[in-house]
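Student: I would like the atomic coordinates for the input below:
(5 chains)
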Amino acid sequence: MHRLTMLMRALAVLTLALLLPVLAQADGLIAGKSFGNDREIVVTFKAPVDQAVFADPAHYLVYEESDPDIRLELADVRLDSTGKIAFLGFKEPLNTTRPHVVSMIDLPAAVTGRTVETFRVAKPYLGYLLSILVSALLINNFVFTKYLGLCVFFGTSKRRDTAKGMGVTFTIVMVVSALMSWFFYQFVMKPHGLDFLQIVVFIGLVSLTVQAVDTILRKVNPVLFNAFGVYLVLVIANCVIIAVPLIMANNEYNFLETFMLALGAGGGFLLALYMMASVRERMELARVPKSFKGVPIAFIVAGQFALAFLGFSGLSLF
Amino acid sequence: MKDLLTFPKGGVHPPAAKHLTAGLAIEVMPVADELDIFVGQHIGAPCTPTVAKGDSVAEGDVIGTVTKGLGTPIHAPVAGKVKAIGAVAHPMRVTAPAITLQTDHEAPARVYTRKDWAGLDRAALLAAINQGGIVGVGGAGFPTHAKLSPPPEAKIDTLILNGAECEPYITADHRQMLEHAAEIVEGARIIMAVLGVSRCHIGIEANKPDAIAAMQKAVRENTVGAGTITVDVLKVKYPQGSEKQLIQSITGRKVPGFALPSAVGVVVHNVSTTKAIFDAVVLGKPLYEKVVTISGKGIRRPANLLVRVGTRLNEIVAYLGGVTPELAKIVFGGPMMGFAASSLEIPVTKTTSSVLFLAEDEIDSTPHSQCIRCGWCLAACPMGLEPKEIAIYVEAGREKDTEPFGVFECFECGCCAYVCPAKRPLVQFIRLAKLRARK
Amino acid sequence: MKDISTIIFRLTLTCLVAALIMGGSFIVTNRAKQHNQQVNEQKVMLSLLGYSAAKPAPASLALHPVYRYLVTEQDVQTLGYLVPVAGGATDAFALVTIALDGKFVARHDLRLAPEKAEQAKERLQAVQTAVGSGKTIQYADQTIIVTDNGQRQAYLLPGEFPGFKTFVKVILALDPGFTVLGLEIMEHEEDPGLGGEIVQDYFKNQFRGKPYEALKKLGVVKEPLPDEYRGALEAGKTGRLGPEEVARIQEQYKDHDIYALTGATISSRSVTNGVKGIVKKFAYRIAFLDRVLAEQRIVVPF
Amino acid sequence: MATDKSNLQLVVNGILNENPIFRLVLSMCPAVGISTTVMNGIMLGVAVLFVQVFSSCTISLVKNWIHPRIRIPTYTLTIATWVTVIDMVLAAYLPEAYAKMGIFVKLIVAFAIITMRLEMFASKENLTHSFWDGVGMGLGFMVGMMAIGFVRELLGLGTILGYDVLGFRPLLFFILPLAGFFCVGLMMGFFNYIETRYKRVKQG
Amino acid sequence: MWTVVACLVPPLVFSVFIFGIRTLIITAVSVVSCVAVEAITQKCLKRPVTVKDGSAVITGMLLAFVIPPGVPLWLPILGSVMAVYVGKHLLGGIGFNIFNPALLGRAFLMASFPVAMTSAWLPPLRDLAIFSYLGTPIDALTTATPLAVLKGQGMAAFTAQFGAAPNVYTDFFLGWRPGCIGETSGLLLVLGGLYLLYRGYITWHIPVTVLATIALLTRVAGGDPLLAVLAGGALLGAFFMANDYVTSPTSKMAQLIYGVGVGALTVLIRLKGGYPEGICYAILLMNPLSPVLDRWFKPKRFAPLQGGAKK
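Tutor: Got it, this is the predicted structure:
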């Protein structure tokens, strides 16, 4: 089962990527910290700590990073049985989307050499990046929940091979053009107040990317060019591609975030195309009522997909 | 208990319904007045008649030969006169060319005497088999001498005798093994001599304990040549008797798609064919008689009949006391793989092993509905195909696209149609697909 | 070769013409856009204060924005409030920095034209120059203090907090005693029909009239909304109840918890918690600011 | 190649025979995404009409001047320019409507229908014809959007153009964005059905 | 098909005991409207009317089974139009629907009537007063499902409302809890499922992988695996919906992966998503993957031809 091994490998890499930030945090007294539920911060110490000090709320100062003057009221602090994990309970729910700062004050100097230990608790950035990816891929799938790129979606989802080719081409062009757009936006348009030229510049960059991919592919890999070349023309006149830089500009994403968005959007488009194509190959064999043959039934199936994708609504992974 | 030998994937357990005829000894049917012998009795080129209308022939005379290509001669089953050479109703095709003989009831029956074959060499044995007009009587009718001349690069090491007889109703092979065990074993020795192999397996399904016992006894008593013959008891599961499945059950080897068994060093012969080889080589008697199981609730007197090739169905029906009012369908061959007969004029051929007269309650005539993709056919298919997909493509008029589903690997065992809860005629769909996809 | 030069020439010309058209329309529309945006925001704010086309705001009413910044110098953080200075020029502003514990730190005077003060970028630049280099300035939020003839009438607090799905952006109006005057949902992405109902009068008007004491303990209940209360909450839309009636009913429910939207308890709770958070933080800070302004004798128009 | 159709025919052609949404199946994204009310349909329709007419006229005016090798970039540039203009105009003067249409105004730039009309029509015809063809296509899009918007607003909100028609809200479902898929699909099927019936009646 | 219907009857009878005769009426409305929609559609399309095969009846029953008992009686009628007309017959009739019709109907109702579909739960009756809920306004009686309590208010509130560990398992397994009409009685659903397994109508692959994945992942996430299986619609979904023939893959390997997918998505939606129960959407999301999975995991051919067929 070749596919299975590939799948396993991908999973292994993904798990490792998720574990890395956890492994990388090791500094001073604190081994790890994170939000528990919405009224809790969990702090993990490297070694068991003193119950009398570390289970006393008076030793903790907690505030939202943007509101340093307003202390959050602690309800209680619990240490677990190993003495290594402290649970900080709060009276009011925390806004976990914002970074928080925890200061441990009046510590006995013997423990760390310092009397104050301050650290930041925030949702992991990698998680945030992944959430952009997953969001564009599934939760806010461009086709089924944002309703973009439908012309190409309906036009090229008749056969699975075409769908695959189209999806891959799209993803490549999307990523390249979105990153180029990011550079342009950050370093040329924003500093000079040329925001209003967004549309022209972005579509220009998309055409440029398409042209570049076309030329490079033709030279480097003619076989691949023959397979994908036909789709390249279709790419320019498509709103999915141009939507990515527009969203990027709207949300002021940084480079990595833009990359994740483009990758997710492209992957989501590929996924939608591929699923739709395999379903449509099946639909071709069906006895669909005559008036609904072809595009109308494709719309209705897409609507059913969108209904199913409602299941992802409200999903927050990280 | 040790598991009985079987193949790993697919297969079904249809009701065997062999009790109707399993206990009935082979009965010799009187010769009919007229016989129709098809010129094409085997795979390959049809025979060219060597007689003309009005010619007189004796029992066992050659009446047609193959001059070019694969084939083996046909013989006159009776003494008599050639009445006509023309088209006659055929079980699979609508009609086919045949030689019609008018029986001369006065002529004495020909008597065959035993000859010693031990001194004959391979070529002589093969010639005897070819002259006997032997074909694989259990299946498609592949000329036996051709099957016994494998390509030189194939290293044949095993002979398998197929006595599985997995199709419901049919008991012809069962009776042959019971009544002619010694002949079959001797036939096996002949084949082993021809192929130069030292190992022979006789595969018999576990539901025929008497046949197993008879064969084991015959094997013990026969010491003619070298090599070992073993009787292997097989699990009762359809299609145990299919060549590829049988080879896998017994040897564990897998025959690749479209390759012959010789590719994995195996040759398979039906037990009845082996009996015919014995007849041809030892007695010099060509293949013109056939044990046919006539069964089903639609016939008054089910029987295992020894009939002459060419005997028309209506003669057999008349001999067995006619049909019963419940008769709903007549099937040439077994209920799983057989073909429905359209007329009683159809004659028996060398490959006919049974004719079933099925009553309403033995067949399923409910109309089929749309496929619900339950996947039962996938589980049942011994070849690992997807019959449902093929059928859906055929229904949508896209037979050409069925090739990726392996439509040509299908040997039409009928397992899929048997398990289908929607009663879909999957085998017919696949036949259609093969027909149209080939074009 | 000639071909290419023609192409380049024509393309350049086309681009120039296109840029001309776009630039021209940008110049024309940009001003109108900003103007309209302001007018729109002002309209929402005034409507929260109870003014409408039928009951226009008096000319004596004035809105004074106060911007809050986080000023960081090495590890020390202070809060910087950009306040207008009363008396004298309209472009006089002062950045008052206050330590986290509420003690006055410093005052930086700066000059900034009021229309420029509304531009986030220019304002930040002005503030940065005022505090001098070596300190990082981070914009935090904005409060609008409403005065009538110099008397404090209300506070308008734009804010945002996480909803069920993404952020909910609101403007909240408080009277000087921190009683809620009104709540307006500006932007949200809650589910239509469920959490999306937070924009309905019968939900958001529940906050109206809640005194600060009640607000601090405000919770959410999953009981059905009483019909009478609902009538009062939707009075502005249906017009069936008279103002006295509405006031009476609102008085009756003023200490009651928020009735959750059916099927959208999470959204209801997020809005309630969000509003609570905004008010609490503001009440905490405005006290310090007022004290510092009074101590330092900084004359402000509010 | 000059068309022999009259101006009126060009307009009607755009609305009926070559309706961008229902017949050419182009520019479907807004037809699904924001066709929740008739008003939205009109708003976006006006924007598309504007871009289509201005682009058609522009291209028609300069058609002899465009080098064939940079045809497509020129079209794209032209469309992008006019989209930018309408985008800015809407943002400035109709901020509420603009907020509702969200990203879709900017995405007019990627509407296949406009590029297609420029390539197939405006680059070959004179100014008047191009103008009327642009009007036809723009109106066709608008009518399509309005038709979908009509169904969705009526069934979803019980109103037409904001006026309460039914007095109650029949099915919230129809104003959900995803209902656009079903609405467009069902309406297309319905129109196909009408067409076959009509043809059958006409044939006798 | 009728065997499946028979297996669905005991849970229905049980729900009449705990939620009153109302559930029977809702189910009847749902079944009748599904059958009617099927018959009318087939008549209009001039196709043979196949309501007798029972598939519409199953759809109707399952549709009623996955909606709360306190919904208005006309609600399932709209759901059945979506389920049978749009979900099944527009796509070519039985065998060609991509999504499970009943669940599609439920998803449609969820989107259209979010309030009714997420809050019309009734507390179970313990006194066999089966006519109880007929006249009373439903609003006054609503309660919350165990999963909703668990998700919204946490374990403490859950224990306060439904009881502590060993008792709550028995209660839930027997079905004394609020929930959708057909999902409460774990015992009867398991019995029905086992009977179908015994008769060979379904195989173990999908239900077992679905339930195992749900339990395992819930355990990994720190939840109670047994509650995860018993408290929601997992049993109903695993035995009667996930392994719907038409919309699930056919080869065994594909079925295993499909089952894991359904289980994983269920847990994902329950723990991280916007809904307390996720199996409905999990199945809907996996449904369109079954053609893909079938292609990827074709049954192993006995002897495939090398390099494509030639003939």
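Student: And the pLDDT for residue 185?
Tutor: With no chain named, the answer covers chain A. Model confidence at A:Tyr185, given as pLDDT, is 91.
Student: right idea, wrong chain: chain E
Tutor: Per-residue confidence (pLDDT) for E:Ser185: 87.
Student: how many other residues sit next to it?
Tutor: Applying other CB atoms under 10 Å in any protein chain shown, we find 27 residues neighbouring E:Ser185. All C-beta spots, glycine's among them, are computed from the backbone N, C-alpha and C.
Student: same question, D:Gly140
Tutor: D:Gly140: 29 neighbours (other CB under 10 Å).
Student: Name all residues that make contact with it.
Tutor: Counting by CB atoms under 8 Å, 6 or more residues apart in numbering or on different chains, D:Gly140 touches D:Gly14, D:Ile15, D:Leu16, D:Glu18, D:Asn19, D:Pro20, D:Ile21.
Student: can you give me the helices in the stretch 201-318 of chain A?
Tutor: For the stretch 201-318 of chain A, applying DSSP state H, counting those that start in this stretch gives helices covering A:222-236, A:239-251, A:255-283, A:295-309.
Student: a markdown table please, covering the ones you listed and showing distance to chain E, mean pLDDT and mean neighbour count.
Tutor: Shown next, in a markdown table, are the helices of the stretch 201-318 of chain A (distance: least, CB to the nearest CB, whole Å; pLDDT from 0 to 100; neighbours: other CB atoms under 10 Å in any protein chain shown):
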| stretch | distance to chain E | mean pLDDT | mean neighbour count |
| --- | --- | --- | --- |
| helix A:222-236 | 19 | 69 | 16 |
| helix A:239-251 | 20 | 86 | 24 |
| helix A:255-283 | 4 | 91 | 23 |
| helix A:295-309 | 4 | 91 | 25 |
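Student: In a markdown table: those, plus distance to chain D.
Tutor: As requested, the helices of the stretch 201-318 of chain A are exported to a markdown table (distance: least, CB to the nearest CB, whole Å):
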| stretch | distance to chain D |
| --- | --- |
| helix A:222-236 | 7 |
| helix A:239-251 | 4 |
| helix A:255-283 | 12 |
| helix A:295-309 | 3 |
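Student: what's the closest of those to B:Asn304?
Tutor: helix A:255-283 (48.8 Å; CB to CB).
Student: sorry, back to before: any of the contacts of D:Gly140 buried? List them.
Tutor: If you count burial by 16 or more other CB atoms under 10 Å in any protein chain shown, the buried members of the contacts of D:Gly140 come out as D:Gly14, D:Ile15, D:Glu18, D:Asn19, D:Pro20, D:Ile21.
Student: so how many other residues sit close to the residue lying closest to the first one once chain neighbours are set aside?
Tutor: Nearest residue to D:Gly14, sequence neighbours excluded (CB to CB, 6 or more residues apart in numbering or on different chains): D:Gly136, at 2.5 Å. D:Gly136 is surrounded by 30 other residues when neighbours are defined as other CB under 10 Å.
Student: Name the residues of chain D found near chain C, please.
Tutor: D:65-67, D:69-70, D:73-74, D:77-78, D:80-81, D:84-85, D:88-89, D:91-93, D:95, D:172, D:175-176 (CB under 8 Å from any CB of the partner chain).
Student: Alpha carbons only: can I get the stretch of helix or strand B:Gln176 belongs to in PDB?
Tutor: In the assignment (DSSP states H and E), B:Gln176 maps to helix B:172-179. Extracted in PDB, the C-alpha atoms of helix B:172-179 (Å, rounded to 0.1, in the frame of the first residue of the first chain):
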ATOM      1  CA  ALA B 172     -22.200 -35.800 -14.000                       C
ATOM      2  CA  ASP B 173     -18.600 -35.700 -12.800                       C
ATOM      3  CA  HIS B 174     -19.700 -37.000  -9.500                       C
ATOM      4  CA  ARG B 175     -21.200 -40.100 -11.100                       C
ATOM      5  CA  GLN B 176     -18.200 -40.500 -13.400                       C
ATOM      6  CA  MET B 177     -15.800 -40.600 -10.500                       C
ATOM      7  CA  LEU B 178     -18.000 -43.100  -8.600                       C
ATOM      8  CA  GLU B 179     -18.500 -45.400 -11.500                       C
END
